[in-house]
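**Student:** need coordinates for the following:
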Amino acid sequence: MKHFEKIQTLLPLGYLYLVILGIIKETAFFYQLDINILKYSSIMDVLISPIATLTSNPIVFIIITIILISSFYLPDFLFKNDHKNWVRKIFELKKTKTDLGNDEIKNYYLFISIKFLAVFLLSVYLGYGVGEGYTISNRIKDNKLKYEHKLNYATGESEIVSLLETNSLYYFYVEKGKQSVKIAPIGGIKNIEIIY
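**Tutor:** Predicted structure coming up:
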């Protein structure tokens, strides 16, 4: 229970870290499309970006859930198995049992667990942003996008598009037959049709 109380005190910092990870993921994705996403984002987009990333893909959600659960139990695992060489090498553990008391050792392992969680989350968010951006930019260059949406403007015009991303203010899309990314404000779109 002590671990839970210590982790609870770190939750605000953890959420701030997640917001930073969300910004990194969005920036890595949109950079490959030559868009500075921070110019097109509201503060609400920035605050919900880490949650949106978590829920956007079930595989990402499962991976991050496993990481969170693993890091919660990691200090106890390290305390029980720190005598094993492979555990020492993977987590770069110092010899602790001779110099420190049990509480200090558990605090050290809690720090290792938080460090493990931070590095792993950074890897997932950055990898997801870079990978998704790279894939989309290559599909745009090779003209291999799927055009599954029809944007109907308030003016009565419409376009068949590949919808790349949305936020609270803008739609980011590529028009059928073109290779440039267009940005349209949400207020200018009457509705979106999904084409099957």
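**Student:** list the residues that contact N138.
**Tutor:** K144 (C-beta atoms under 8 Å, 6 or more residues apart in numbering). In this view, the C-beta of every residue, glycine as well, is placed from N, C-alpha and C.
**Student:** K144: neighbouring residues, count only.
**Tutor:** For K144, the count of nearby residues is 10 (other C-beta atoms under 10 Å).
**Student:** and it, helix, strand or coil?
**Tutor:** Put simply, K144 is coil when judged by DSSP: H, G, I helix; E, B strand; the rest coil.
**Student:** skip the chain neighbours and tell me the closest residue to it.
**Tutor:** Leaving aside its chain neighbours, K144 sits nearest to N138 (7.9 Å; criterion: C-beta to C-beta, 6 or more residues apart in numbering).
**Student:** what about that neighbour, distance to Y73?
**Tutor:** Note on N138: its distance to Y73, by C-beta to C-beta, to the nearest Å, is 39 Å.
**Student:** rewinding a little: and the residue nearest to K144, how far from W86?
**Tutor:** From N138 to W86 the distance is 39 Å (C-beta to C-beta).
**Student:** what about V181, how many residues close to it?
**Tutor:** Neighbour count for V181, taken as other C-beta under 10 Å: 19.
**Student:** OK, contacts around the residue lying closest to it once chain neighbours are set aside?
**Tutor:** Distances taken as C-beta to C-beta, 6+ apart put L33 closest to V181, at 5.2 Å, once the chain neighbours are dropped. Residues in contact with L33 (C-beta under 8 Å, 6+ apart) are G133, I136, S137, I140, L164, F172, V181.
**Student:** what's the longest strand that the chain contains packed up against?
**Tutor:** Determined from DSSP state E, the single longest strand within the chain is strand 158-166. Strand 158-166 sits against strand 149-153, strand 170-175, with contacts defined as 3 or more C-beta pairs under 8 Å, 6 or more residues apart in numbering; DSSP states H and E.
**Student:** list the buried residues for it?
**Tutor:** Within strand 158-166, the residues that count as buried by 16 or more other C-beta atoms under 10 Å are E159, V161, S162, L163, L164, E165.
**Student:** can you list the strands that that strand pairs with?
**Tutor:** Using DSSP bridges, strand 158-166 pairs in its sheet with strand 149-153 (antiparallel), strand 170-175 (antiparallel).
**Student:** name the element the nearest residue in space to L18 that is not next to it in sequence belongs to?
**Tutor:** Leaving aside its chain neighbours, L18 sits nearest to P50 (3.9 Å; criterion: C-beta to C-beta, 6+ apart). Counting by DSSP states H and E, the element that carries P50 is helix 43-56.
**Student:** domain ranges for this structure?
**Tutor:** Domain assignment for the chain, taken from automatic domain parsing, gives 2-141, 149-194.
**Student:** with mean pLDDT added, can I get those in JSON lines?
**Tutor:** As requested, these are arranged in JSON lines below (pLDDT from 0 to 100):
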{"stretch": "domain 2-141", "mean pLDDT": "85"}
{"stretch": "domain 149-194", "mean pLDDT": "92"}
